[in-house]
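Undergrad: structure of the sequence below:
(one chain, ligands or ions: 1)
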Amino acid sequence: MGFENVYNHKAAVKESANARVNLIGEHTDYTGGYVMPTLLGFKNTIELSRNKESKFEVFSEHFNEKKIFNDFIKSQSNDWSDYIKGCLFVYFDEYKKIKLEHLNVYISSSIPLERGISSSSALCVSTLKALNSYFHTQIDEKHIAILAKKVEHDYIGVSGGIMDQMVSSIGIHGKAFFLDCLNLKYELVNFPSNWKFCLIDSEVQRNLRSSSYNDRFNELKIAEKELDVEYLGGVELNKFDSDKISSPTVIKRARHVVTENNRVLKAKECLLQDDIKQFGKLMIESHNSYSKDFEASTNDVDEIVERSIQCGALGARLTGGGFGGFTVSLIEKNKFSNWYKKINQYYPAEKIFEV
Ligand code: GLA
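TA: Here you go, the predicted structure:
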């Protein structure tokens, strides 16, 4: 298709944002803890121009569909265009001095949807970046992430933290993005040259389980209340007093978060020390905790993780919000072709992606 074919003129601005894979630190972001994702090559691109007919027109290449609207009222049916409406709503609400201009929007994306690699955050971040360029508002990247989170929370209405928006807005391809989600301080850490990460698609669509994500979110909020702390992410492992929590299920959920935070800190050290074996072990521990304590995995996903390790990966785990989507494996570069040959006997090449 292309912008020009749809709108018969050239776009005024074009901005992109990438998807991410979280290497370690799951469900720790909204409890003020640590995460360490990295950007993927998959990206979402937004092109914009002025619409002279006083309406907003949005074309999605993926859905091969155009939506036209005049207001920013969210649809009843969770339509894909709600994300664009939400970005427009949040942006114009924040920058009230800007004279509202109607726009033509074109969305193209290489990101597989609903696989736990944050396609929605990349969509919001790229849209806000495009609005920022178009209206010359000079919003910095951190604030773009904050606004993108506002779109997903306040407008779309999904629970979640700020990891995806931060890495999508600020991250650099080829570097790990270590983030303290409480104060939004981050570090870009280099990967040692002999490390390689690879994704395998479980094909279980994550979105179908978004209610389970919210259940976990709420369970962690109960843990914070009963422990009488503002953020579970601030609780150190040796200060975690599970006796204060009344439900055994909530104890398990909270234990995942407290131990996971500790693993993220150790994982960052491993990157700095080039300790690939220990990093791999931490990924496996992280997956076990995510699967057993947090109960956010599925049998299919657990099987992929086990097979990947049997085939020679040093670590593997489910990445993202849980309940399906992609797994991520860590492999030594010189063992990669051997690992690939073996894993490819179980999964076709279309399901395996090199990071
Ligand atoms: C989703 C959310 C993130 C984070 C992860 C789990 O991707 O959008 O904020 O909570 O799940 O780590």
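
Undergrad: would you confirm that residue 20 contacts residue 43?
TA: No - using CB atoms under 8 Å, residue 20 makes no contact with residue 43, being 10.6 Å away. C-beta: built from backbone N, CA, C; applies to glycine.

Undergrad: got any residues that touch both of those two?
TA: residue 122 (CB atoms under 8 Å, 6 or more residues apart in numbering).

Undergrad: the two: which is more packed in?
TA: Per other CB atoms under 10 Å, whichever of residue 20 and residue 43 has more neighbours is residue 20, with 28 against 19.

Undergrad: give me the distance between residue 192 and the ligand.
TA: In this view, residue 192 and the ligand are 24 Å apart by CB to the nearest ligand atom, to the nearest Å.

Undergrad: show me where this protein has its strands.
TA: Secondary structure of the chain by DSSP state E: the strands cover 13-24, 34-50, 56-60, 65-69, 103-109, 175-180, 185-190, 195-201, 315-318, 326-332, 352-354.

Undergrad: could the C-alpha coordinates of the fifth one be exported in PDB?
TA: Coordinates of the C-alpha atoms in strand 103-109 are reproduced here as PDB (Å, rounded to 0.1, in the frame of the first residue of the first chain):
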ATOM      1  CA  LEU A 103      -4.600  14.600  10.400                       C
ATOM      2  CA  ASN A 104      -4.100  11.700   8.000                       C
ATOM      3  CA  VAL A 105      -2.400   8.800   9.800                       C
ATOM      4  CA  TYR A 106      -0.800   5.700   8.200                       C
ATOM      5  CA  ILE A 107       0.300   2.800  10.300                       C
ATOM      6  CA  SER A 108       2.700   0.100   9.100                       C
ATOM      7  CA  SER A 109       4.300  -2.500  11.300                       C
END
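
Undergrad: which other helices and strands does it contact?
TA: Secondary-structure packing of strand 103-109 (3 or more CB pairs under 8 Å, 6 or more residues apart in numbering; DSSP states H and E): helix 3-7, strand 34-50, strand 56-60, helix 82-94, helix 119-135.

Undergrad: go again using 7 Å as the cut-off
TA: For strand 103-109, the packing partners by 3 or more CB pairs under 7 Å, 6 or more residues apart in numbering; DSSP states H and E come out as helix 3-7, strand 34-50, strand 56-60.

Undergrad: for the last one, same thing?
TA: Under the contact criterion of 3+ CB pairs under 7 Å, 6+ apart, the helices and strands touching strand 352-354 comprise strand 195-201.

Undergrad: give me the contacts around the strand it packs on.
TA: 21, 115, 276, 304, 308, 326-331, 333, 336, 347, 351-355 (CB atoms under 7 Å, 6 or more residues apart in numbering).

Undergrad: narrow the residues you listed to those that are buried.
TA: Among those, the ones that count as buried by 16 or more other CB atoms under 10 Å are 21, 115, 276, 304, 308, 326-331, 336, 347, 351-353, 355.

Undergrad: relative to strand 34-50, how tilted is the longest helix belonging to the chain?
TA: Using DSSP state H to assign secondary structure, the helix with the most residues in the chain is helix 248-273. Orientation check (axes from the mean of the first three to the mean of the last three CA atoms, to 10 degrees): helix 248-273 against strand 34-50 gives 80 degrees.

Undergrad: may I see the buried residues of helix 248-273?
TA: So for helix 248-273, counting by 16+ other CB under 10 Å, buried means 250-268, 270-271.

Undergrad: residue contacts, residue 122?
TA: Taking CB under 7 Å, 6+ apart as the test, what residue 122 contacts is 17-19, 43-44, 111, 168.

Undergrad: TSV please, covering the residues you listed and showing distance to residue 62 and pLDDT.
TA: Compiled in TSV, these are given as follows (distance: CB to CB, whole Å; pLDDT from 0 to 100):
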residue	distance to residue 62	pLDDT
17	15	98
18	16	98
19	14	97
43	13	98
44	10	98
111	9	95
168	18	98
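
Undergrad: highest neighbour count among those residues?
TA: Neighbour max across the contacts of residue 122 (other CB under 10 Å) = residue 168, 33 neighbours.

Undergrad: so this protein: which segments form each domain?
TA: 3-189, 192-354 (automatic domain parsing).

Undergrad: is any part of the first one close to the ligand?
TA: I take that to be domain 3-189. Yes - judged by CB under 6 Å from any ligand atom, domain 3-189 and the ligand are in contact via 22, 26-27, 29-30, 118, 160-161, 163-164.

Undergrad: what subset of these is buried?
TA: Looks like the residues of domain 3-189 next to the ligand have 22, 26-27, 29-30, 118, 160-161, 163-164 buried, using 16+ other CB under 10 Å.

Undergrad: now those in CSV, with pLDDT?
TA: Supplementary listing: these in CSV, determined by pLDDT from 0 to 100:
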residue, pLDDT
22, 98
26, 98
27, 97
29, 98
30, 97
118, 91
160, 90
161, 96
163, 98
164, 98
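
Undergrad: and the residues you listed, which of them are in helices?
TA: 163-164.

Undergrad: ok, so of the buried ones among the residues of domain 3-189 next to the ligand, who is nearest residue 175?
TA: residue 22 (14.2 Å; CB to CB).

Undergrad: give the contact list for the nearest residue to that closest one once chain neighbours are set aside.
TA: With CB to CB, 6 or more residues apart in numbering as the criterion, residue 22 has its nearest non-adjacent residue at 4.2 Å, and that residue is residue 37. Going by CB under 7 Å, 6+ apart, residue 37 touches 20-23, 163, 167, 177.
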